[in-house]
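K.L.:
Kindly generate the corresponding structure for this input.
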Amino acid sequence: MTPDPTPAAPATGTAAHTHHGYITSKDDYLKRLRRIEGQARGLQRMVEEEKYCIDILTQVSAMTKALQAVAMGLLEDHLSHCVVDAAVAGGPEAEAKIKEATDAIARLVRS
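P.N.:
Numbering: from 1, shown residues only. Model (predicted):
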């Protein structure tokens, strides 16, 4: 029996297309996320070395802003690619993508 050449659908979301909106900026996102990972390790070191609380909080704030920048970029990419594509196609896919984006925005606003 030969394997099915069609890849499985992603675990979350519905993908009518093969590439996500962020694919053209993937390297930039990875670079930013690696920098954030380094910031997290730096925070751990600061706590281990018992650095001054305000200095740690300043770094937490910088890391939070960096994560928010990634989130906003991904949201913008999602809206301009995935949601627009679904809206052009219309139907239940469009409604689902708009609801999905609205829910994501609500999560970001609450965080």
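K.L.:
Give me the longest helix you can find in the protein.
P.N.:
helix 53-77 (DSSP state H).
K.L.:
in that one, what's buried?
P.N.:
The neighbour-count check on helix 53-77 (16 or more other Cβ atoms under 10 Å) flags 59, 63, 67, 70, 73-75, 77 as buried. The way it works is simple: take the backbone N, C-alpha and C, and place the C-beta from them, glycine included.
K.L.:
From the contact counts, what lies against whichever strand or helix holds residue 38?
P.N.:
Using DSSP states H and E, residue 38 falls within helix 26-48. Contacts defined by 3 or more Cβ pairs under 8 Å, 6 or more residues apart in numbering; DSSP states H and E place helix 26-48 against helix 53-77.
K.L.:
ok, then the element right after the helix it packs on?
P.N.:
helix 84-89.
K.L.:
helix or strand right after that following helix?
P.N.:
With secondary structure assigned by DSSP H and E, helix 84-89 is succeeded by helix 91-110.
K.L.:
Low-confidence stretches in the chain?
P.N.:
By pLDDT under 70, the low-scoring segments of the chain are 1-19, 21.
K.L.:
Against residue 102, how distant is residue 87?
P.N.:
Between residue 87 and residue 102 the computed distance is 13 Å (Cβ to Cβ, to the nearest Å).
K.L.:
Give me the neighbour count for the closest residue to residue 68 other than its chain neighbours.
P.N.:
Leaving aside its sequence neighbours, residue 68 sits nearest to residue 108 (Cβ to Cβ, 6 or more residues apart in numbering; 7.8 Å). For residue 108, the number of neighbouring residues by other Cβ atoms under 10 Å comes to 13.
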